[in-house]
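Colleague: Curious how this folds, go ahead:
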Amino acid sequence: MKKYIFFSIYAAGMMLVLAACQKVLDTQPFDKISGDVVWSNKANAETFIFGTYGIMNAYNSGSSSDGRTTNLLAMDGTYNGSASIFTETTDRNSNIGGFNNFGAIRRCNLIITNVTASAGIADQDKKALVAEGKFLRAMSYYNIARNVGRIVWIDKVLTPEDELKLPSTANPTESYNYIIKDLEEAMPDLSATKVPGRVNKYVAAAFLSEICLQAAAYKNYPNPPSPGNDPLVDKAITYANMVISQGGYSLVSDYGGMFNENNPTSSETIFGVYRKALNTNCDGTPMQNMMANFSNDQINNYGGSPNLSTNFRIFEAWIEHAPTYNLSKDYLVIDKADGTKALEWDKTSQYLAAVDESATVPTGDLQKQNNEIYVKTGVIRSGRTETMWNLMNENRDARFSQTIITDSSRFYGETLTTCIKGNSTRWMKINGFAYYVSMTNMYWRKLMYNNVSPRIYAGVPTDYHYVDMRLGRVYLNLAEAYLLKGDAANALINLNKTRVTHGMLPPSTVGTLAEAWKDYKRERRVDLVLENDYYYSLLRWGRYGGAANSGISSGGTIPELTELPMVMDISKNRKSFSIVSGPFYASNNTRVFNEQRRYLFPIPQGLIDNNSNFGPQNPGW
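Modeller: Modelled structure (predicted):
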């Protein structure tokens, strides 16, 4: 039977209590366990270590950093968590980069110091546990480095007698040197055994394959890096190949199953965070803010159809974000005239033959709000039998339907229609009939469990898991490293791993490095959406500059972070469509990129005011 590491303060506390002997439990004070007991044996030490794995929540799948991009359109809390970033209204007092991780680092240093000194833990076990502490310390610091660039390096358990006004690192390179050193020192002593939710040597190597790329991008900051001949890129290749050739992981064809109840410990998953229904409810998972809330009464009041068949309110959550048209257009469609090609849906031969973009949309078929702007419209040509559903769904990237719920999709036993006068369209919200419906006419399927009973609702217990690292991501890291070295052929081999296995698309065969970068960026976007990646990848590509950022020099504007979110409407008869841009909610159409400061968040100015050694402030702040 597989063992899992489930993260719960309650569970960790109970494990430690049960691991201690009755004599210890009879010792006052009754509400504390002494350090001597914690570090007296391996089992107790592991309980403390398991309680430190909360560090890995920073890498969990979910909306997280995707809210800073046009992968999704958000409102309410999700919007509020990202709007100050994409509107560039964050100020230098913000701790949005999580600079203060001192509590987490102290726990890691306690592990390293006390396990080393323990008389009750065998030497071989000590090596593995100390390595685990170093891995967790590195990952805590990496989350700050990718946001702020600079960290306060602490490698011992501080006491009141120590100098506490410590300095921050001088630049991102110094920060990454510490992080990579910790991971490289940890890796040889980490176990090769795979336990879901616990680090092993291949988990460390997988993260190193990406951290080395991030470190190469931020060398010489704010001046341009030279990643093409950077030894860090060679390290990224080495660590990726180690995972691929030695780790025993394999890509899965059931892409969606990795993120729901079907395959939580898939052969592709390298590191996940696992929670049990014993202490997890729906409102403690991303699902609560991805599911709609509407009833037959609301459908009927709007004049939509069809009604829901369930005899109770199956949809009653608090949706705050949904996928955009911007994201959806990157899921390619196989061309009917040439099955070796995969194109954007509105560039395929079947679309061009069936749709007239110059035709006037019949009156009443579609509508827009006054503050929305038409980007494109189209009507099925007279005599053609296709519908928008056929053109958008047939022969499309397999991940499209496993990631996004679109018009006429089935979910929880119901058919969701998001067309004009559908039963879950954005117009129900616009016209005041239902607040918690998607603003984009699409919903997320990725990350949604299909077996929550009786429904996804606050207080309903559910198992749940997050995917923090997987083999598909490692292949994509490897592809990126080869692109940086100018090796388009090897880059295509590796990006096609996910494109073919997950997307079931024909492989990319583009001939130039610039085209390979374009296909790679699209592939990484659709394969890793909602996996806390896209925003940081865009920044990394912007630091590289050139073909990695649409031909713009290193450190310049990133076009994907200034594009406006778009939404698609489809007529009731599925014969016409429109794509519009607009605010949709608050300032979603204000997308600003200040290249002088956006690549790194500030060190909170209040911390610098209290300790000048944390300074100077990051450029532009």
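Colleague: which of the residues in whichever strand or helix holds Leu352 are buried?
Modeller: When secondary structure is defined using DSSP states H and E, the element that contains Leu352 is helix 349-354. Buried residues in helix 349-354, counted by 16 or more other CB atoms under 10 Å: Gln350, Tyr351, Ala354. Using the backbone N, CA and C atoms, a C-beta is placed for each residue, glycine as well.
Colleague: Grab the nearest non-local neighbour of the first one.
Modeller: This points to Gln350. Among residues not flanking Gln350 along the chain, Lys336 sits closest, at 4.6 Å (CB to CB, 6 or more residues apart in numbering).
Colleague: what packs against the helix holding Leu352?
Modeller: Applying 3 or more CB pairs under 8 Å, 6 or more residues apart in numbering; DSSP states H and E, one finds that helix 349-354 contacts helix 388-393.
Colleague: Downstream of the helix it packs on, the next helix or strand is which one?
Modeller: Note on helix 388-393: by DSSP H and E, the next helix or strand toward the C-terminus is helix 398-403.
Colleague: ok, the following helix or strand past that following helix: who's next to it in the sheet?
Modeller: Using DSSP H and E, the helix or strand that follows helix 398-403 in sequence is strand 404-405. When pairing is defined by DSSP bridges, strand 404-405 lines up against strand 443-444 (antiparallel).
Colleague: contacts for the partner strand?
Modeller: Under the contact criterion CB atoms under 8 Å, 6 or more residues apart in numbering, strand 443-444 has outside partners 290-292, 319, 321-323, 403-405, 411, 416, 418, 424, 530.
Colleague: same deal with stretch 379-389?
Modeller: If you take CB under 8 Å, 6+ apart as the criterion, stretch 379-389 is touched by 350, 353-356, 359-362, 407-408, 570-571, 573-577.
Colleague: Residue ranges in the stretch 351-500 of the chain under the pLDDT threshold?
Modeller: The stretch 351-500 of the chain contains no residues with pLDDT under 70.
Colleague: circling back to that earlier point, can you flag which of the contacts of stretch 379-389 belong to helices?
Modeller: Among the contacts of stretch 379-389, DSSP state H puts Gln350, Ala353, Ala354 in helices.
Colleague: Let's have the buried residues of helix 349-354 in a markdown table, adding distance to Ile299.
Modeller: Listed next are the buried residues of helix 349-354 as a markdown table, based on distance: CB to CB, whole Å:
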| residue | distance to Ile299 |
| --- | --- |
| Gln350 | 32 |
| Tyr351 | 31 |
| Ala354 | 30 |
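Colleague: Name the nearest of the ones in helices among the contacts of stretch 379-389 relative to Ala489.
Modeller: Closest approach between the ones in helices among the contacts of stretch 379-389 and Ala489, by CB to CB: Gln350, at 30.7 Å.
Colleague: how close does the closest one get to Met388?
Modeller: From Gln350 across to Met388, the span is 12 Å (CB to CB, to the nearest Å).
Colleague: again, but for Ile237
Modeller: Using CB to CB, Ile237 is found at 43 Å from Met388.
Colleague: who has more neighbours, the two?
Modeller: The residue with more neighbours, out of Ile237 and Met388, is Met388; 25 against 20, by other CB atoms under 10 Å.
Colleague: tell me what the top helix by length along the chain is packed against?
Modeller: Scanning the chain for the longest helix, with DSSP H as the assignment, gives helix 123-145. Judged by 3+ CB pairs under 8 Å, 6+ apart, helix 123-145 is in contact with helix 42-50, helix 102-117, helix 172-186, helix 201-217.
Colleague: any idea of the angle the first one forms with helix 123-145?
Modeller: Translated: helix 42-50. If you take axes from the mean of the first three to the mean of the last three CA atoms, to 10 degrees, helix 42-50 sits at 10 degrees to helix 123-145.
Colleague: Buried residues, helix 42-50. List them.
Modeller: Using 16+ other CB under 10 Å as the burial criterion, the residues of helix 42-50 that qualify are Lys42, Asn44, Ala45, Glu46, Thr47, Phe48, Ile49, Phe50.
Colleague: cool, stretch 336-348 as well?
Modeller: Lys341, Ala342, Trp345, Asp346, Thr348.
Colleague: how long is stretch 388-399 end to end?
Modeller: End-to-end span of stretch 388-399 (CA to CA, to the nearest Å): 19 Å.
Colleague: mind checking how far it is from the chain centre?
Modeller: Centroid separation between stretch 388-399 and its chain, computed with CA atoms, centre = their mean, to the nearest Å, is 24 Å.
Colleague: Buried ones in that stretch, by neighbour count?
Modeller: Neighbour-count burial for stretch 388-399 flags Met388, Leu391, Met392, Asn393, Asn395, Arg396, Asp397, Ala398, Arg399 (criterion: 16+ other CB under 10 Å).
Colleague: Great, nothing more from me.
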